[in-house]
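Enquirer: Fold the following, please.
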Amino acid sequence: MSKHGAPTNVADELKALNLSGLKVAIVAASWHEVVMNGLIDGAQRAARDAGIDNPSLIRVPGTFELPVAASTLAKSYDAIVALGVVIRGGTPHFDFVCLAATNGLTDVSVNTGVPVGFGVLTCDDEQQALDRAGLEGSSEDKGYEAFSAAVMTVAALR
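Expert: The predicted model follows:
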């Protein structure tokens, strides 16, 4: 693992691919600022490792809004990276938002043929989200992983 939690073999594989011409959009929710900043930083590190300069960054209010943004952006991009976080609370809101985001993003990818990297954290508490956000001390870097999955799928399909 790298110091940010990205598997080093994935970083090496990204660097070996010729992905510099890809147009990639990162769509990120705004809730949970610290976690979201970590996810975005991870995705942008993966972009640099892949040789992709300046992927577009589009912010939406929350995780529920990710599918509609991804659907619209899929018309103009080679890959979409969807980043969000939903933390379980005391109501069924968690279940509804997680299901809507998962199904919506899957539909975007399948219906458009544009790979969507799924970087939506669905956590029981804030600590689980922090552990997966790619921050200093995090055990995982889901932003990096989601970006990598999206662009590596584009490469595999070419």
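
Enquirer: which SSE is the residue at minimal distance from the centre of the chain in?
Expert: Central residue of the chain (Cα atoms, centre = their mean): Gly119, 3.4 Å from the mean position. Using DSSP states H and E, Gly119 sits in strand 116-123.

Enquirer: what's that strand packed up against?
Expert: Contacts defined by 3 or more Cβ pairs under 8 Å, 6 or more residues apart in numbering; DSSP states H and E place strand 116-123 against helix 33-49, strand 79-87, helix 93-112, helix 126-132, helix 142-157. For glycine as for every other residue, the C-beta is placed from the backbone atoms N, C-alpha and C.

Enquirer: quick one: low-confidence parts of the protein?
Expert: Residue ranges of the chain with pLDDT under 70: 1-8.

Enquirer: count of neighbours near the residue nearest to Asp49 when sequence neighbours are not counted?
Expert: In space, Asp49 comes closest to Leu14 once its chain neighbours are excluded; the distance is 4.4 Å by Cβ to Cβ, 6 or more residues apart in numbering. By the measure other Cβ atoms under 10 Å, the count of residues near Leu14 is 24.

Enquirer: what does Thr91 give?
Expert: Count around Thr91 with other Cβ under 10 Å applied: 8.

Enquirer: isn't there a strand covering it?
Expert: No - counting by DSSP: H, G, I helix; E, B strand; the rest coil, Thr91 is not part of a strand but coil.

Enquirer: circling back to that earlier point, distance-wise, check the residue nearest to Asp49 relative to Ala101.
Expert: 25 Å (Cβ to Cβ, to the nearest Å).

Enquirer: do Pro115 as well
Expert: 16 Å.

Enquirer: same thing with Ala28?
Expert: Taking Cβ to Cβ, one finds Ala28 at 13 Å from Ala101.

Enquirer: any residues in contact with both of the two?
Expert: Ala82, Gly84 (Cβ atoms under 8 Å, 6 or more residues apart in numbering).

Enquirer: which one in the chain is furthest away from the centre?
Expert: Farthest-from-centroid check, the chain (Cα atoms, centre = their mean): Gly90, 26.1 Å.

Enquirer: Can you name the residues that contact that one?
Expert: Taking Cβ under 8 Å, 6+ apart as the definition, Gly90 has no contacts.

Enquirer: List phi and psi for it.
Expert: Dihedral pair for Gly90: phi -90, psi 10, per degrees, to the nearest 10.

Enquirer: No further questions, thank you.
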